[in-house]
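**Student:** just coords:
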């Protein structure tokens, strides 16, 4: 009986310790950097086309959130230094051709432009825009989780 009790106590303590380590290690599992600080695009710095603010799309979901600014230049999208999202796997930056993006929007079913994988959960990052993109046709910059098909945070653009 004593060995069974020790087994369950040890198992419980091991589980609690494993969860605690997982919570602290979680951000580092998905991305090499948790914070990025990239300079503004040199060739586009004088020509901003649009700006926006990332929002917490679903306030009842404490895990999938975003905040901070985004600036769109002729050839690049810049996530500003105040940018932040909750950590997760395979986050990508999309240009989305919709006037409204909600948690129910099937972003992956639109004619989005994938600008690349998010390099960090916080801080400034730059993403090049492919040639031939009509920026006025895209109303949002969106952080999208490709692995689970979940909207993390949209930013409505103001041209």
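**Tutor:** Looks like it arrived, so ask away. Small disclaimer: the values here were computed from a predicted structure and weren't measured.
**Student:** what segments of this protein are strands?
**Tutor:** In the chain, the strands defined using DSSP state E lie at 35-37, 48-54, 66-73, 76-79, 84-85, 91-96, 113-117, 122-128, 140-145, 150-156.
**Student:** so what strands line up beside the first one?
**Tutor:** What it means is strand 35-37. Here strand 35-37 is paired, per DSSP bridges, with strand 122-128 (parallel).
**Student:** now tell me what touches the partner strand from outside.
**Tutor:** 34-41, 75-81, 83-85, 93, 115-116, 118-119 (CB atoms under 8 Å, 6 or more residues apart in numbering). Placement of C-beta: from N, CA and C, glycine included.
**Student:** buried stuff in that strand?
**Tutor:** 122, 123, 124, 125, 126, 127 (16 or more other CB atoms under 10 Å).
**Student:** orientation of that strand relative to strand 66-73 in degrees?
**Tutor:** Relative orientation of strand 122-128 versus strand 66-73 (axes from the mean of the first three to the mean of the last three CA atoms, to 10 degrees): 30 degrees.
**Student:** rounded mean pLDDT for strand 122-128, please.
**Tutor:** Over the span of strand 122-128, the pLDDT mean works out to 95.
**Student:** good, wrapping up.
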